[in-house]
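> Mind folding the following:
(one chain, ligands or ions: 1)
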Amino acid sequence: MRIGTRGSLLALAQAKLVQSKLAKFHKVETTDIHIEVIKTSGDIIQDRPLSEVGGKGLFTKEIEVALLENRVDIGVHSSKDVATQLPDGLGLYAFLKREDVRDAFVSLKHKSLDDMPEGAIFGTSSLRRAAQMLRHRPDLKIVEFRGNVQTRMKKLEAGVADATLLAYAGLRRLGQTHIAKQMIDPNVFMPAPAQGAIGIECREDDTRTRELITVLNHAGTAAALVAERHFLHGLDGSCRTPIGAYTEIDGNDMKVIGQILSINGTTAFEGEVTGHVADCAEIGQHLAQILREQAGENFFESFEVR
Ligand SMILES: NCc1[nH]cc(CCC(=O)O)c1CC(=O)O
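Have a look, this model is predicted:
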């Protein structure tokens, strides 16, 4: 089997995790499962803010092309980077058990979000994190902060910003949780839809591979991811809308909460839908519809790139 992945440390850690789990379950050598590093547009375009580059699947497209051209058999992704609409012939057929979904506050100077002095500089390339932060702390100054975890840490050291938010899941997989100063409440700062879960994509007609990866699928995570991806799909036309979601699962019951914000954080709409995990897709769609009605179409039009 050939795994397609990006070459970042985080992506490689995720691919290796999948490689070792597959080897263990199917009792083969890890060396029988090959890791193919694929450069994506997101890796190549480094000099522009992500929100400006736009486009869906910036970190996944080239891996999907490799899947369709039969150069790899599975693509291992951070699910939150995967577009809601997949190319024909591909599907996400397994989700590993989700990590902690929360964002972590990372700073060399301050212990917590509320510890930052007035006018402090907050670095992020995420429209969601910027909007949430401004909603909570309108006094902060936001600066663009791209790059992988190591790059962002260097930027903090260089004083480009006083603090940033990073997905705890990513820190965990990189063995860097010690840099997290504070865990952020997911009910207030809702994580990105699909944050914290590794997703495995493969060809729809490749039944053998689909069977081989099924053993890695975690049912609760899959239900949460389906709900959150339907929620996102129901809202986002442009990738420029700050959107957060947070799912709690208790047995067969699930609760999904969602949030959309204006870029500057002054306006926010929130909603919640509960139901049976078997209805995860409908729950996500319903939540999107609730927020669409609350916010009104003008709200969404304001994010369109002109
Ligand atoms: N595009 C960045 C990205 N994509 C997935 C993760 C973290 C891992 C995850 O959510 O599974 C990150 C880094 C971050 O947001 O801090």
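> quick one, what contacts the closest residue to V82 other than its chain neighbours?
Distance criterion C-beta to C-beta, 6 or more residues apart in numbering; nearest residue to V82, sequence neighbours excluded, is T60 at 5.4 Å. (Each C-beta comes from the backbone N, C-alpha and C, glycine too.) Going by C-beta atoms under 8 Å, 6 or more residues apart in numbering, T60 touches 40, 75, 77, 81-83, 201.
> Now tabulate these in JSON lines and tack on secondary structure.
Output for the contacts of T60, formatted as JSON lines (DSSP: H, G, I helix; E, B strand; the rest coil):
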{"residue": "T40", "secondary structure": "coil"}
{"residue": "G75", "secondary structure": "strand"}
{"residue": "H77", "secondary structure": "strand"}
{"residue": "D81", "secondary structure": "helix"}
{"residue": "V82", "secondary structure": "coil"}
{"residue": "A83", "secondary structure": "coil"}
{"residue": "E201", "secondary structure": "strand"}
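> Which members of the residues you listed additionally contact the ligand?
Checking these against the ligand by C-beta under 6 Å from any ligand atom, the ones in range are D81.
> Closest one to the ligand out of the contacts of T60, please.
If you rank the contacts of T60 by distance to the ligand using C-beta to the nearest ligand atom, D81 comes first, at 5.0 Å.
> what sits against that closest one?
Neighbour list for D81: 42, 57-60 [criterion: C-beta under 8 Å, 6+ apart].
> Could you say which of those residues is surrounded by the most neighbours?
Neighbour counts for those (other C-beta atoms under 10 Å) peak at T60, which has 28 neighbours.
> so the residue lying closest to G271 once chain neighbours are set aside is in which element?
Distance criterion C-beta to C-beta, 6+ apart; nearest residue to G271, sequence neighbours excluded, is I290 at 4.2 Å. For I290, the element it lies in under DSSP states H and E is helix 280-295.
> what helices or strands is that helix leaning on?
Where contact means 3 or more C-beta pairs under 8 Å, 6 or more residues apart in numbering; DSSP states H and E, helix 280-295 is packed against helix 219-235, strand 253-261, strand 268-276.
> Buried residues, it. List them.
By 16 or more other C-beta atoms under 10 Å, the buried positions in helix 280-295 come out as 280, 283-288, 290-292, 295.
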